[in-house]
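Chemist: Here's my sequence, what's the structure:
(4 chains)
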Protein chains: 2
Amino acid sequence: MTKVKRDMTKSVPAYQRIKNAILDNIHSGKWQAGEAISTEMTLAEEFGVSRMTVNRALKELSEERVLERRQGSGTFVAQQQFNHTFVEVRNIAQDLRSAKRDYQAQVVSKRTITVSMLDDEMRRKFDIEEVAVSSHSKSAASKKINNPETAVLYEVKIIHFADGLPIQFEERWVDANKIPEFIEQDFSEVNTSEYLIAKSPLERGSYTIRALAAPNEIAEALQIAPQSPTLVLCRQTFSAGQVLTFVKMWHAGERYQFSGEL
Amino acid sequence: MTKVKRDMTKSVPAYQRIKNAILDNIHSGKWQAGEAISTEMTLAEEFGVSRMTVNRALKELSEERVLERRQGSGTFVAQQQFNHTFVEVRNIAQDLRSAKRDYQAQVVSKRTITVSMLDDEMRRKFDIEEVAVSSHSKSAASKKINNPETAVLYEVKIIHFADGLPIQFEERWVDANKIPEFIEQDFSEVNTSEYLIAKSPLERGSYTIRALAAPNEIAEALQIAPQSPTLVLCRQTFSAGQVLTFVKMWHAGERYQFSGEL
DNA sequence: TAGTGGTCTAGACCACGTT
DNA sequence: ACGTGGTCTAGACCACTAA
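Modeler: Here you go, the predicted model:
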């Protein structure tokens, strides 16, 4: 009885070789979009591997949107969706430091916002409700505040510089009840995102990317003309089911872009 | 000897239950970022499953950047990178149609560009080199053209409307030698992206997102004031190792945004 | 009902890090 | 040397789809 001996000395794993072979067939045009490809069993025999190995290759390719799998039906070449563009926006401080550029942050303002100071935009964002006497609230999830002088939000505004040039104007609001000590930090030294991530487990978030005309305050901070185009990334992140922080990041249109590979 | 009987009637797969349990431990703060978690063997025993099942759960969580795995060392809770924002930009025609909004495309111009008409930006983008007599080329990969009247690029400009309002101005250039029949299409009926994808296998691409002031031509097409902020997505896609198409998509800043969930 | 993919097992060998 | 994760197997049962 011979021991089971497989060739696992290969530097390239079997599932990767199978993936490459399939990609070659698609790129060469041999397998057209929408067509069915061989079954797992067939491929396993052809490549001399077990079905699980083929399964891994096909599963990964379908996660990469190259294939589409339909249980009970088969595996198909996906309609290639090169219309989709995926953008990854990273932490600006980390990025600039790793790009070996001189990075600096300047705190422009820092304040505590009470219920009575709150504007409607932030009231909605953070779902805060001021409870007047004998009023009854509609939303069970919203935060109800009785004392109008209660601190509810922290606001900080920070200019981020790369090689001495202002590259981003950050406006951030944070739920004061969730991270009471937030406002005490020195954000010329500690990055706001990194601080929040370290303090609180973040669960999910949503964002928007827009092109907006720079208001005076922001134009001045970024050293550009008022009303110049700016690239604005807004993001809100949730912790324990509620908005923990909301941030608007303004970038000078001529000096900044998001980019990447498909 | 009893047959192997496992409970696979569960609607929730075992690997998913393990993933959920791990996520709970992280979100509750029980497992802190950077800490090592139990080994695959240990988790397999605890959950009463095979090591392969645990492996799948941990592999997926590390692909989702929740965990970090280091061969020979262990599995660790990742430093949660909620700084990263992933944006997915989709095909505008498909999106508007699926949003049940009235979609329309208007072809503004359509022309063939010869070598002699080529500007430097496109020359570089498509890596086209005009070969004069007795000149020697630097790049082996670049396309060398002898006759200055050879058609090298197609250019189309299209306005995309949603509910009658101009939502995107598309400027597209396509390698005329790769898809000679491109220019004959009626792009008020056929989407350029969809057409190219159907015609040629696309391999990869790169893109940038910027905020730019609208030039007169584009401001007029989008019915906004000249110099207004626009959100511009540029994308080039490769086929057979060369640039197949380059597209600039201009969006009115006030009317359009990219958005999504983290 | 036959055939497909989805999941799972109990074991194996390998590559890598730490000790 | 030992323990970790990375990969792979040969087989199994289940869920779904199509004929």
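Chemist: Could you use CA atoms for every contact and neighbour count after this?
Modeler: Fine.
Chemist: what's the distance between A:L231 and chain B?
Modeler: Distance, A:L231 to chain B, by CA to the nearest CA, to the nearest Å: 5 Å.
Chemist: Same check on A:T237?
Modeler: Counting by CA to the nearest CA, the gap from A:T237 to chain B is 8 Å.
Chemist: Dihedrals phi and psi, that residue?
Modeler: phi -120, psi 150 (degrees, to the nearest 10).
Chemist: what's the answer for A:K199, then?
Modeler: phi -80, psi -30.
Chemist: Now it. Nearest residue, chain neighbours left out?
Modeler: Spatial nearest neighbour of A:K199, excluding adjacent residues (CA to CA, 6 or more residues apart in numbering or on different chains): A:I179 at 7.7 Å.
Chemist: Give me the pLDDT for that neighbour.
Modeler: A:I179 is assigned 92 on the pLDDT scale.
Chemist: Run a quick neighbour tally on it.
Modeler: 15 (other CA atoms under 10 Å in any protein chain shown).
Chemist: got it, and A:T53?
Modeler: 20.
Chemist: tell me the domain ranges of chain A?
Modeler: Domains of chain A are assigned by automatic domain parsing as A:14-77, A:92-252.
Chemist: now those domains in a markdown table, with distance to B:C234?
Modeler: What follows is the domains of chain A, written out as a markdown table (distance: least, CA to CA, whole Å):
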| stretch | distance to B:C234 |
| --- | --- |
| domain A:14-77 | 22 |
| domain A:92-252 | 14 |
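Chemist: which of the ones you listed is buried the deepest?
Modeler: domain A:92-252 (a mean of 17; mean count of other CA atoms under 10 Å in any protein chain shown).
Chemist: related to what we said a few turns ago, least reliable of the domains of chain A by average pLDDT, please.
Modeler: It's domain A:92-252: among those, that one has the lowest mean pLDDT, namely a mean of 84.
Chemist: For B:A162, which of the domains of chain A is the nearest?
Modeler: With CA to CA, the closest approach to B:A162 among the domains of chain A belongs to domain A:92-252: 18.0 Å.
Chemist: how long is the closest one end to end?
Modeler: Using CA to CA, to the nearest Å, one end of domain A:92-252 lies 14 Å from the other.
Chemist: quick one: the helices in the stretch 151-262 of chain A?
Modeler: A:192-199, A:216-222 (DSSP state H, counting those that start in this stretch).
Chemist: Take these and write them to JSON lines, including distance to DNA strand C.
Modeler: As requested, those are exported to JSON lines (distance: least, CA to the nearest atom of the strand, whole Å):
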{"stretch": "helix A:192-199", "distance to DNA strand C": "23"}
{"stretch": "helix A:216-222", "distance to DNA strand C": "43"}
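Chemist: Indicate which one of these is closest to B:Q227.
Modeler: Using CA to CA, the helices of the stretch 151-262 of chain A put helix A:216-222 closest to B:Q227, at 15.5 Å.
Chemist: packing partners for that closest one?
Modeler: strand A:165-175, strand A:242-252 (3 or more CA pairs under 8 Å, 6 or more residues apart in numbering or on different chains; DSSP states H and E).
Chemist: The first one and chain B in contact?
Modeler: Right, strand A:165-175. No. Strand A:165-175 does not reach chain B (CA under 8 Å from any CA of the partner chain); its nearest approach is 13.2 Å.
Chemist: Just want the angle from that strand to helix A:192-199.
Modeler: Angle, strand A:165-175 to helix A:192-199, by axes from the mean of the first three to the mean of the last three CA atoms, to 10 degrees: 40 degrees.
Chemist: Show me what strand A:165-175 is in contact with.
Modeler: A:126, A:152-161, A:182, A:218, A:221-223, A:243-252, A:255-256 (CA atoms under 8 Å, 6 or more residues apart in numbering or on different chains).
Chemist: switch to 7 Å and redo it
Modeler: Applying CA atoms under 7 Å, 6 or more residues apart in numbering or on different chains, the contact partners of strand A:165-175 are A:152-161, A:218, A:221-222, A:244-252.
Chemist: same thing with the last one?
Modeler: Applying CA under 7 Å, 6+ apart, the external contacts of strand A:242-252 come out as A:126, A:167-175, A:222, A:229-238.
Chemist: picking that back up, would TSV of the helices of the stretch 151-262 of chain A with distance to B:L58 be doable?
Modeler: Converted to TSV, the helices of the stretch 151-262 of chain A look like this (distance: least, CA to CA, whole Å):
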stretch	distance to B:L58
helix A:192-199	22
helix A:216-222	44
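Chemist: Minimum distance to DNA strand C: which of the helices and strands packed on helix A:216-222 has it?
Modeler: Minimum separation from DNA strand C across these (CA to the nearest atom of the strand) falls at strand A:242-252, 30.3 Å.
Chemist: so what strands line up beside that closest one?
Modeler: strand A:165-175 (antiparallel), strand A:229-239 (antiparallel) (DSSP bridges).
Chemist: Using CSV, please lay out the ones you listed together with distance to B:T192.
Modeler: Output for the strands paired with strand A:242-252, formatted as CSV (distance: least, CA to CA, whole Å):
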stretch, distance to B:T192
strand A:165-175, 35
strand A:229-239, 27
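Chemist: Can you check which of the ones you listed gets nearest to B:S206?
Modeler: Going by CA to CA, the one of the strands paired with strand A:242-252 nearest B:S206 is strand A:229-239, 18.8 Å.
Chemist: Please save the CA atoms from the closest one in CSV.
Modeler: Taking C-alpha atoms only, strand A:229-239 is exported to CSV below (Å, rounded to 0.1, in the frame of the first residue of the first chain):
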residue,chain,number,x,y,z
PRO,A,229,-14.5,73.3,-7.4
THR,A,230,-13.7,71.0,-4.4
LEU,A,231,-13.9,67.3,-4.1
VAL,A,232,-16.0,66.5,-1.0
LEU,A,233,-16.1,63.1,0.7
CYS,A,234,-18.8,62.8,3.4
ARG,A,235,-18.8,59.8,5.6
GLN,A,236,-20.9,58.7,8.6
THR,A,237,-20.0,55.7,10.7
PHE,A,238,-22.1,53.8,13.1
SER,A,239,-21.4,52.2,16.4
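Chemist: Sounds good, over and out.
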